[in-house]
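Chemist: kindly generate the corresponding structure for this input.
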Amino acid sequence: MTPETLAIDAFVFILAVFAGFELIQKVPTTLHTPLMSGTNAIHGIVLVGALVLASETVGGDAGKILATAAVFLGALNVFGGFVVTDRMLLMFSKKRTPGPAKKGAEKAA
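Modeler: Presented below is the predicted three-dimensional model:
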């Protein structure tokens, strides 16, 4: 990697971090759950890319370890995001009132 490409890559990374921070900061809390679901779909694509990298690793043991870590972290991010989204959606569902366990339980008491 040449110094020029490294500088360009670093600039793009810093710009992406700044733009992402500015965008996320302005999202209202009511939109967090729908955006989280959409982000999980995008992270699924990241997981597929990590799987492809893991299957085509040529970099020896270090490359295989990094590819396996990418698959693990990508899967953790996807599944953890769905768990958080599910828990947030439960907050908006109607509460059920507890009823008798069986129909015959009222007569026996």
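Chemist: could you work out the end-to-end span of stretch 50-61 for me?
Modeler: By C-alpha to C-alpha, to the nearest Å, the extent of stretch 50-61 from end to end equals 16 Å.
Chemist: ok, and what's touching it?
Modeler: Residues from elsewhere that reach stretch 50-61, judged by C-beta atoms under 8 Å, 6 or more residues apart in numbering: 63-64, 66-68, 70-71, 73-74. Just so you know, the C-beta spots here come from the backbone N, C-alpha and C atoms, and that holds for glycine as well.
Chemist: check stretch 34-45 too.
Modeler: Applying C-beta under 8 Å, 6+ apart, the contact partners of stretch 34-45 are 27, 74, 77-78, 81-82, 84-85, 88.
Chemist: now list the buried members of the residues you listed.
Modeler: Among the contacts of stretch 34-45, the ones that count as buried by 16 or more other C-beta atoms under 10 Å are 74, 77-78, 81, 85.
Chemist: minimum pLDDT in those, which residue is that?
Modeler: Within the buried ones among the contacts of stretch 34-45, pLDDT reaches its minimum at T85, with 75.
Chemist: which SSE is that residue in?
Modeler: Element membership for T85, per DSSP states H and E: helix 60-92.
Chemist: report the distance from that helix to the chain centre.
Modeler: Distance, stretch centre to chain centre, for helix 60-92: 6 Å (C-alpha atoms, centre = their mean, to the nearest Å).
Chemist: do the same with stretch 55-65
Modeler: Taking mean C-alpha positions (C-alpha atoms, centre = their mean), stretch 55-65 and its chain are 24 Å apart.
Chemist: mean confidence score for the helix or strand hosting E4?
Modeler: Assessed by DSSP H and E, E4 sits inside helix 3-25. The average pLDDT for helix 3-25 rounds to 89.
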